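S.K.: Sequence and predicted model, in that order:
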Amino acid sequence: MTYQNYSLAQLRQADAAHHLHPFTDHKDLRAAGSRIIARADGPFVYDMDGNEILDGMAGLWCVNVGYGRDELAEVAYEQMKELPYYNAFFRCSTPTPVLLAKKLAELAPDGINQVFYGSSGSEANDTALRLVRHYWALEGKPEKNRVISRDWAYHGSTIAGASLGGMAAMHDQLHGAVPNIVHVMPPYAYELAEAGESDEDFGLRAARALEDAILEAGPDTVAAFIGEPVMGAGGVKIPPASYWPEIQRICRKYDVLLMLDEVITGYGRTGAWFAAQSMGIEPDTITTAKALTSGYQPLSALLVGDRIATTLVEKGGEFFHGYTYSGHPVACAVALKNLEIIEREGLVARVAEDTGPYLGEALRQKLGDHALVGEIRSFGLLAAIEIVKDKETKTRFDPVGRAASLVRDHAIANGLMMRAVNDTMILSPPLIWTRETIDMACKRIARALDLAARDLRGR
Ligand code: PXG
């Protein structure tokens, strides 16, 4: 490997001197130095300080088949030798994106049969936004172009992605978001349900915020609603069962397209190929990326439903949009093999029948009584732990975010990679985790919670 002529200290110094990291306070990072992960195998990553860390985040919600899959490396190598690149513009195609599109049409919910490729979830959401607006323009309703999203949504970090997303801090730095995108409340019962309000009632109330926004804007001006089935980066916010059916009903009533962002939930994480299937949602578009290749190659696929695709084909006219790497042959070859691995190893069913339910039970049984734990929720292999100062009143430690950062730092020091979003701890492990891996993770979280509680005593 090329880096092996360099010491850890040299790499760290070069990192600080030249590398601007994503979502990072660069002053802080330069003071602290970065953790350099140099190797990974199965469910573990290894840093250059010599630590073995169980990866509770599957990289960044993406390495669903785990690390060290020689098959994926081999298929990339073979494809690079045969055809490293050719584009999909100007009436050209290459074999692997074609075969992958055919496969995705098989796996996708009924009525979804077309694919538009990019290299990231952000790009795919940019495509989705353009496409729904283009659809309504082709239908003779160009004024039907507003998109309704939610506070706390994460839809990527390009200008379109951040505009669609509902992260206040990102909007503050946009200096002008894409126009005609509005945000409504998220289905986050833990903080937003009223005293005595049932989960079901809260889910309906949160969904009806969409109806209010449609009526306020005027249904003839609303193109689409966009949402993650389970909000990921916003803190694994799992909606009550009443939420999505009501959203679906409202979208149908006002002829508003439904854009589902499954960049995190796609490809098995919820115990179905797509959360649309586990939750019974019938979307017009599904944004996917991340686990499409298990992160072994950058690739996104926007799955496009028949309604939009039919108009696009029947009305014709060029859709002026695409990327150099739309349908990259190597990334698509890796995706095909990755999907084959997920199928061959029965990973989707394993999440549905075994590890998904077990993760929820184990977390609740082993950690639910801990003084710092306000709520545990899970859906498939997505889980969240709310960190609070007082379980009864749901009071947080001051300042917000400090307590969960402490838990995260202790978890990592004790060999478990986790994420903290404000005061919510997140798990999104590879689908190869077994009950034993889950038990190992629970032990490490319990220790991290104890150590954080000790640090927080008296605060
Ligand atoms: N949609 C969703 C639902 C995502 O989670 C994107 C779109 C954008 O994908 P790209 O490939 O452009 O990053 C994402 C990405 C975090 C974190 O801190 C989450 C994501 C990305 C970076 C950090 O949890 N999700």
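M.R.: Arrived safely, thanks for sending. Quick caveat, the model's predicted, so the values are computed rather than measured. Residues are numbered from 1 along each chain as shown.
S.K.: Quick check, pLDDT for R396.
M.R.: Model confidence at R396, given as pLDDT, is 97.
S.K.: and it, how many neighbours?
M.R.: By other Cβ atoms under 10 Å, the residues close to R396 number 20. C-beta coordinates here come from the backbone N, C-alpha and C atoms, glycine included.
S.K.: How much space separates it from the ligand?
M.R.: The span separating R396 from the ligand equals 20 Å under the rule Cβ to the nearest ligand atom, to the nearest Å.
S.K.: dump the residue contacts of the residue lying closest to that residue once chain neighbours are set aside.
M.R.: Distance criterion Cβ to Cβ, 6 or more residues apart in numbering; nearest residue to R396, sequence neighbours excluded, is D423 at 5.3 Å. For D423, the contacting residues are E386, I387, V388, R396, F397, V400, G401, A403, A404, by Cβ atoms under 8 Å, 6 or more residues apart in numbering.
S.K.: Kindly recompute the last result at 10 Å.
M.R.: With contacts taken as Cβ atoms under 10 Å, 6 or more residues apart in numbering, D423 has the following neighbours: 235, 372, 374, 385-389, 396-397, 399-405, 407.
S.K.: In strands only, show me those residues.
M.R.: G374, I385, E386, I387 (DSSP state E).
S.K.: Which positions in the stretch 51-200 of the chain make contact with the ligand?
M.R.: In this structure, the stretch 51-200 of the chain approaches the ligand at residues L60, S120, G121, S122, N125, Y154, H155, G156, G161, judged by Cβ under 6 Å from any ligand atom.
S.K.: Which one (most neighbours) among these?
M.R.: H155 (32 neighbours).
S.K.: Skip the chain neighbours and tell me the closest residue to it.
M.R.: H155 sits nearest to L164 (Cβ to Cβ, 6+ apart), 3.9 Å away.
S.K.: Give me the pLDDT for the one you found.
M.R.: In the prediction, the pLDDT value recorded for L164 is 98.
S.K.: residues near it, how many?
M.R.: The tally of other residues near L164 (other Cβ under 10 Å) stands at 28.
S.K.: For it, which residues are in contact?
M.R.: Residues in contact with L164 (Cβ under 10 Å, 6+ apart) are 122, 125-126, 128-129, 147, 149-150, 153-156, 158, 177-178, 181, 183, 226, 259, 261, 287.
S.K.: residue contacts, the residue of the stretch 301-450 of the chain found nearest the ligand?
M.R.: At 5.7 Å from the ligand, R419 is the closest residue in the stretch 301-450 of the chain, using Cβ to the nearest ligand atom. Contacts were defined as Cβ under 10 Å, 6+ apart; by that measure R419 touches 56-57, 60-61, 232-233, 235-236, 384, 404, 408, 411, 425-428.
S.K.: quick revisit: any chance of the residues of the stretch 51-200 of the chain next to the ligand in a markdown table with pLDDT and secondary structure as columns?
M.R.: Formatted as a markdown table, the entries for these read as follows, by pLDDT from 0 to 100; DSSP: H, G, I helix; E, B strand; the rest coil:
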| residue | pLDDT | secondary structure |
| --- | --- | --- |
| L60 | 98 | helix |
| S120 | 98 | coil |
| G121 | 98 | helix |
| S122 | 98 | helix |
| N125 | 98 | helix |
| Y154 | 98 | coil |
| H155 | 98 | coil |
| G156 | 98 | coil |
| G161 | 98 | helix |
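S.K.: Pick out the most distant pair among these.
M.R.: Farthest pair in these (Cβ to Cβ) is L60 and N125. Separation: 16.1 Å.
S.K.: The nearest residue to N422 once chain neighbours are set aside: how many residues sit nearby?
M.R.: Of all residues not flanking N422 in the chain, G401 sits nearest, at 5.0 Å (Cβ to Cβ, 6+ apart). Around G401 sit 16 other residues, with neighbours defined as other Cβ under 10 Å.
S.K.: I figured G401 hits M425, correct?
M.R.: No: under the contact definition of Cβ atoms under 10 Å, G401 does not touch M425, with a separation of 11.4 Å.
S.K.: shared neighbours, the two?
M.R.: Taking Cβ under 10 Å, 6+ apart as the criterion, G401 and M425 both touch I387.
S.K.: In contact with D409, which residues?
M.R.: Contacts for D409 (Cβ under 10 Å, 6+ apart) come out as M418, A420, A448, L451, A452, D455.
S.K.: Can you list which of the residues you listed are found in helices?
M.R.: With helices defined by DSSP state H, the entries of the contacts of D409 inside them are A448, L451, A452, D455.
S.K.: Mind telling me the two of these farthest from one another?
M.R.: Within the ones in helices among the contacts of D409, two members stand farthest from each other by Cβ to Cβ: A448 and D455, at 10.5 Å.
S.K.: higher neighbour count, the two?
M.R.: When A448 is set against D455 and neighbours are counted by other Cβ under 10 Å, the residue ahead is A448, at 24 against 15.
S.K.: any idea how far the ligand is from H183?
M.R.: Counting by Cβ to the nearest ligand atom, the gap between H183 and the ligand amounts to 15 Å.
S.K.: What pLDDT does the model give that residue?
M.R.: Among the per-residue scores, H183 shows a pLDDT of 98.
S.K.: cool, E216 as well?
M.R.: The score at E216 is 98. That number is its pLDDT.
S.K.: which element is the residue nearest to A276 when sequence neighbours are not counted on?
M.R.: Taking Cβ to Cβ, 6+ apart as the measure, A276 lies nearest to P109, with 5.0 Å between them; neighbours along the chain are not counted. Per DSSP states H and E: P109 is located in neither a helix nor a strand.
S.K.: Please state the backbone phi and psi of P109?
M.R.: P109 adopts backbone torsions of phi -60, psi 160, taken as degrees, to the nearest 10.
S.K.: residues near it, how many?
M.R.: For P109, using other Cβ under 10 Å, the count is 18.
S.K.: ok, now how distant is it from the ligand?
M.R.: The separation that P109 has from the ligand, given Cβ to the nearest ligand atom, amounts to 18 Å.
S.K.: if I pick Y358, what's in contact with it?
M.R.: Y358 makes contact with V351, S378, L381, W433, T434, R435, I438, D439, according to Cβ under 10 Å, 6+ apart.
S.K.: got it, and Q4?
M.R.: Contacts here follow Cβ under 10 Å, 6+ apart; on that basis Q4 touches A38.
S.K.: Need the three-state assignment for it.
M.R.: At Q4, secondary structure determined by DSSP: H, G, I helix; E, B strand; the rest coil is helix.
S.K.: Can you name the residue of the stretch 251-400 of the chain nearest to the ligand?
M.R.: Closest residue of the stretch 251-400 of the chain to the ligand, Cβ to the nearest ligand atom: V263 (3.4 Å).
S.K.: and that residue, how many residues sit next to it?
M.R.: 29.
S.K.: And for F89?
M.R.: Each residue near F89 was counted by other Cβ under 10 Å, and the total is 12.
S.K.: just M48 next, same as before
M.R.: Burial measure for M48: 17 neighbouring residues, criterion other Cβ under 10 Å.
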